[in-house]
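Peer 1: below: sequence and its predicted model.
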Amino acid sequence: MVMEEKDNPVLRCTNITKYFHEPVTFKALSDVSFTVQRGEFLSLVGKSGSGKSTLLYVLSTMDTDYEGSLEINNTLLTGKSNNELSEFRNEHIGFVFQFHYLLPEFSAIKNVMLPALKLGKYSEEEVEQRAYEKLRLLGVEDQALKSASKLSGGQQQRIAIARAIINNPTVIMGDEPTGNLDKANSDIVFDIFRELTSEFGQTIIAVTHDQDFARRTDRIVELSDGKIL
């Protein structure tokens, strides 16, 4: 699918420059420009302090204090209000973090349903049905009614991925999505991501320190001192 849709950019960042001003002014990103194709599995790599996580937060619209421009799904996001960006994120961007950030007192299925309930496009019954479909896809449907706190680390991360894809987002963004997992569970998460791109045309951008993970993605973007190498 990636090969078939090479001229279908889903994300375009142009001349992204980012400064931090505490304790002194520091340029964290310098003139970063690249595009991501629909259905592409891309990894952002670099040493600590290289700017990769800073870039991810700009791409995810969580950080709006930058120079340059960002487009996702043919929508210019630079300059939009926080409310507009919040709505866009909920519909178009799925997040998978190093820590799952599930609500421990909620069941797995309720955690997965939350972004879709917030989106408000479907009835609660439809949302629940969609959530079960995602859990089935990720092999954890049998854990649906367990509270999140009772699940293993690998199960929790799969629930977090189900939550990330409940709204069929344009892009999934991962910040060290396997950073808190052992090798076996890291491989499971990678295989899930690979299936999402190859079988469902999902676009994934993942920040990772895991060289083995990065090597198996479609493309590696390496940063150093805030610039793409």
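Peer 2: Sure, I can see it. The shown structure was predicted, so the numbers you read here are calculated from the model rather than taken from an experiment. Numbering: from 1, shown residues only.
Peer 1: okay, CA-based contacts and neighbour counts for the rest of this
Peer 2: OK.
Peer 1: in the protein, where is pLDDT below threshold?
Peer 2: 1-7 (pLDDT under 70).
Peer 1: please, where are all the strands along it?
Peer 2: Counting by DSSP state E, one finds strands in the chain at the ranges 9-20, 26-37, 41-45, 67-72, 75-76, 93-97, 171-175, 203-207, 219-224, 227-228.
Peer 1: so which residues make contact with stretch 148-165?
Peer 2: Contact with stretch 148-165 is made by 93-96, 99-108, 111-115, 131, 134-135, 138, 140, 143, 172, 181, 185, 189, as judged by C-alpha atoms under 8 Å, 6 or more residues apart in numbering.
Peer 1: for the chain, longest helix please?
Peer 2: Scanning the chain for the longest helix, with DSSP state H as the assignment, gives helix 183-200.
Peer 1: next up, the contacts around Val171.
Peer 2: Contacts of Val171 (C-alpha under 8 Å, 6+ apart): 10, 92-94, 202-205.
Peer 1: out of these, who's nearest Ser123?
Peer 2: Comparing the contacts of Val171 against Ser123 with C-alpha to C-alpha places His92 closest, at 19.1 Å.
Peer 1: how many neighbours does that closest one have?
Peer 2: Neighbours of His92 under the rule other C-alpha atoms under 10 Å: 18.
Peer 1: count of residues packed around the closest residue to it other than its chain neighbours?
Peer 2: Leaving out its chain neighbours, the residue that sits closest to His92 by C-alpha to C-alpha, 6 or more residues apart in numbering is Pro169, at 4.2 Å. By other C-alpha under 10 Å, the residues close to Pro169 number 19.
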